[in-house]
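Asks: need a 3D model of the sequence below.
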Amino acid sequence: MDNPGRYTAGNFTGLGRLFMNHIRKAFDAVATQYDAQREFVIPQMMDYYGAAIWAAESGKPSPRILDMGAGTGLLSALLLEKYPTASMTLLDISEKMLAVARERFAGRDNVKFCTGDYSQADLGGPYDLVCSALSIHHLEREEKRRLFGRIFSVLVPGGIFVNADQTEGETPYFSDRYREYWNRFLKNGPLASREHKEILRRRDTLDKNEKLSDQLAWLKEAGFSDVDVVYRNRTFIVTVARKN
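Replies: Okay, the predicted model is just below:
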């Protein structure tokens, strides 16, 4: 995939276009601080990302990998430690986030960068691995469901989809407890008050979490044969799905 389609206003209509513009601007604004904040925003961050990298298993030494919502390239960097000669494609709606990723991977000719909205753009392919971290939860419910089907279609037989993301509790009781846990983690961290408030604002305005049970059902509905959860820490989950 040399270019899955750049983001343009013509790709969207009405509220969908306005919301995607909102997401792009929000992440453009924090691009240079994004990586530095991660460990203070994600509890047990290394366990979380470590589970995702473990789940991203391929029998090929140089797999073709798509990182959706790649941002600054943090997940891609970890994947490239596991597969140094992989063919890596980073796709993200925020040009400024990808600018940070371009610096991170300067001189790597096996890494491509594409600016676009993966809920609409051609995903290209075929791929051996499709991965995403902390991105898909920004989509609307039916967009997530459709996306899982589109991911299935661009994977080769035996291909793997790994999603490190956020989830809603199965009941309001657990949703409230997960939120309470995350609020306490953020409050006890070293982030400045302004940064803390900005993270909470983005969470309240941009996050559209779904129940884990629904996401697993959508993966099976899409055609994935092996579907499981390899990590969970309250709202933070890593799911893996394999195409036969």
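
Asks: mind listing the helices for the protein?
Replies: 14-29, 34-41, 45-55, 74-82, 95-104, 141-154, 172-187, 193-206, 212-222 (DSSP state H).

Asks: export the ones you listed as CSV, with columns for mean pLDDT and distance to Cys131.
Replies: Yep, even glycine has a C-beta here, placed from its N, CA and C like the rest. Below are the helices of the chain laid out as CSV (pLDDT from 0 to 100; distance: least, C-beta to C-beta, whole Å):
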stretch, mean pLDDT, distance to Cys131
helix 14-29, 42, 18
helix 34-41, 75, 16
helix 45-55, 95, 7
helix 74-82, 95, 6
helix 95-104, 93, 14
helix 141-154, 97, 10
helix 172-187, 94, 23
helix 193-206, 71, 21
helix 212-222, 98, 14
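
Asks: got those helices as CSV, with distance to Asn163 columns?
Replies: Shown next, in CSV, are those (distance: least, C-beta to C-beta, whole Å):
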stretch, distance to Asn163
helix 14-29, 18
helix 34-41, 17
helix 45-55, 8
helix 74-82, 11
helix 95-104, 18
helix 141-154, 9
helix 172-187, 18
helix 193-206, 17
helix 212-222, 8
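
Asks: which among these is found nearest to Asn233?
Replies: helix 45-55 (6.8 Å; C-beta to C-beta).

Asks: follow-up on the earlier one: got JSON lines for the helices of the chain, with mean neighbour count too?
Replies: Output for these, formatted as JSON lines (neighbours: other C-beta atoms under 10 Å):
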{"stretch": "helix 14-29", "mean neighbour count": "15"}
{"stretch": "helix 34-41", "mean neighbour count": "16"}
{"stretch": "helix 45-55", "mean neighbour count": "18"}
{"stretch": "helix 74-82", "mean neighbour count": "19"}
{"stretch": "helix 95-104", "mean neighbour count": "18"}
{"stretch": "helix 141-154", "mean neighbour count": "17"}
{"stretch": "helix 172-187", "mean neighbour count": "14"}
{"stretch": "helix 193-206", "mean neighbour count": "14"}
{"stretch": "helix 212-222", "mean neighbour count": "17"}
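
Asks: nearest to Ser119, out of these?
Replies: helix 141-154 (4.9 Å).

Asks: closest one to Phe113 among the helices of the chain?
Replies: Of the helices of the chain, the one closest to Phe113 (C-beta to C-beta) turns out to be helix 95-104, at 5.2 Å.

Asks: only alpha carbons, please: show that closest one as PDB.
Replies: Output of helix 95-104 as PDB, limited to C-alpha atoms (Å, rounded to 0.1, in the frame of the first residue of the first chain):
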ATOM      1  CA  GLU A  95       0.100  14.200  10.000                       C
ATOM      2  CA  LYS A  96       1.800  15.700  13.000                       C
ATOM      3  CA  MET A  97       1.800  12.400  14.800                       C
ATOM      4  CA  LEU A  98       3.300  10.700  11.700                       C
ATOM      5  CA  ALA A  99       5.900  13.400  11.500                       C
ATOM      6  CA  VAL A 100       7.200  12.200  14.900                       C
ATOM      7  CA  ALA A 101       7.200   8.700  13.500                       C
ATOM      8  CA  ARG A 102       9.100   9.700  10.400                       C
ATOM      9  CA  GLU A 103      11.900  11.100  12.700                       C
ATOM     10  CA  ARG A 104      11.800   7.900  14.700                       C
END
